[in-house]
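Asker: pasting the structure only:
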């Protein structure tokens with residue numbers, strides 16, 4: 001099997017190193033790995049490829065690859081991989097992100113619950129202010145509602161559960177339940193589910209049916225002490241409604257790793273909202289990112305060989 005590897009990215013952790021590729025090659029004696037230097041090199045090598053490992057794949061590339069049977073990507077989201085119009089080529093997406101994103105979520109939840117943002121503001125102003133901790137509570141015993149309780153949601157639930165948090169989930173088919181969840185709701189029960197949550201976590205994909213799922217009606221049902229987090233896709237949280245809820249004190253705060261428009265424009269109102277914290281779509285960025293992915297890829301390719 002001849003496999004092209006074309007993993008160009010502006011994020012260093014998303015670019016395969018020689019060490020990582022050498023380790024992958026050693027684990028797959030029946031596979032020839034070919035590293036590609038840019039789109040032109042990748043396109044030139046496509047006619048002989050049986051499989052490709054990429055961040056993106058254009059629809060017109062399939063016609064240049066008569067032997068291609070599989071396209072692999074580390075990404076969990078499907079936006080950058082256009083499907084084969086003929087249906088001949090199988091697409092394989094990453095399934096390892098939950099380990100990384102769950103750690104990021106725990107950091108966010110602890111940051112908000114212990115009001116570290118307020119402490120940072122006091123430090124900048126050289127104020128020794130202990131009042132920011134008034135009415136804070138242990139995380140143990142609080143309730144987190146994870147909207148999108150699939151594989152990534154379950155990883156998040158596992159770590160939160162270990163901290164003593166009650167875990168509720170929302171998924172399209174609640175009859176499937178969910179590991180580590182104390183209760184699972186259907187999407188139609190979202191407005192009821194948010195009422196008891198101290199932390200509302202969104203880990204939804206960007207596919208049909210998730211646009212503005214968390215919007216004004218949901219924020220109106222939340223506790224005034226509730227925090228909102230989004231680590232999925234930016235379309236799922238209605239940004240103007242969130243800004244309004246935070247400005248009015250309808251909810252206590254929010255931490256967004258994803259936003260409707262990325263990169264977030266300097267003119268966006270999201271930059272200056274009280275008690276809103278942002279990270280640049282970075283919840284899965286870790287030095288181990290491709291190490292974890294290549295472990296999964298090695299197993300998948302070994303089966304195909």
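Answerer: Sure thing, it's come through. These figures come from a predicted structure and were not determined experimentally. Numbering: from 1, shown residues only.

Asker: mind checking which helix or strand residue 86 is in?
Answerer: According to DSSP states H and E, residue 86 maps onto no helix or strand at all.

Asker: tell me the contacts of the nearest residue to it once chain neighbours are set aside?
Answerer: Leaving aside its sequence neighbours, residue 86 sits nearest to residue 62 (CB to CB, 6 or more residues apart in numbering; 7.1 Å). Every C-beta, even on glycine, is put in place using the N, C-alpha and C of the backbone. For residue 62, the contacting residues are 68, 84-86, 88-89, by CB atoms under 8 Å, 6 or more residues apart in numbering.

Asker: Please apply the same query to residue 52.
Answerer: Contact analysis of residue 52 by CB under 8 Å, 6+ apart lists 3-6, 42, 46, 65, 68, 70-72.

Asker: and it, what helix or strand is that in?
Answerer: Judged by DSSP H and E, residue 52 forms part of strand 51-54.

Asker: Kindly report the same for residue 254.
Answerer: According to DSSP H and E, residue 254 maps onto strand 253-256.

Asker: Equivalent analysis for residue 170, please.
Answerer: Residue 170 belongs to strand 166-171 when elements are defined using DSSP H and E.

Asker: Show me where this protein has its helices.
Answerer: Here the chain has its helices, by DSSP state H, at 18-27, 39-45, 97-113, 116-124, 151-162, 190-193, 216-221, 239-247, 289-304.

Asker: With mean neighbour count as extra columns, can I get those helices in JSON lines?
Answerer: Formatted as JSON lines, the helices of the chain follow (neighbours: other CB atoms under 10 Å):
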{"stretch": "helix 18-27", "mean neighbour count": "14"}
{"stretch": "helix 39-45", "mean neighbour count": "15"}
{"stretch": "helix 97-113", "mean neighbour count": "20"}
{"stretch": "helix 116-124", "mean neighbour count": "14"}
{"stretch": "helix 151-162", "mean neighbour count": "21"}
{"stretch": "helix 190-193", "mean neighbour count": "16"}
{"stretch": "helix 216-221", "mean neighbour count": "18"}
{"stretch": "helix 239-247", "mean neighbour count": "18"}
{"stretch": "helix 289-304", "mean neighbour count": "17"}
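
Asker: Nearest residue to residue 291 in space, ignoring adjacent ones along the chain?
Answerer: residue 20 (6.5 Å).

Asker: nope, residue 85 is what I meant
Answerer: Closest residue to residue 85 apart from its sequence neighbours, by CB to CB, 6+ apart: residue 59 at 6.5 Å.

Asker: ok, that neighbour - contacts?
Answerer: So residue 59 contacts 82-85 (CB under 8 Å, 6+ apart).

Asker: Next: residue 138.
Answerer: By CB under 8 Å, 6+ apart, residue 138 lies in contact with residue 164.

Asker: pLDDT at it, what is it?
Answerer: Note on residue 138: pLDDT of 97.

Asker: What's the separation between it and residue 203?
Answerer: Distance, residue 138 to residue 203, using CB to CB, to the nearest Å: 24 Å.

Asker: where in the stretch 201-305 of the chain is pLDDT low?
Answerer: Counting by pLDDT under 70, the stretch 201-305 of the chain has no low-confidence residues at all.

Asker: if I read this right, the residue nearest to residue 291 contacts residue 289, doesn't it?
Answerer: No - assessed by CB atoms under 8 Å, residue 20 is found out of contact with residue 289, at 10.0 Å.

Asker: Great, nothing more from me.
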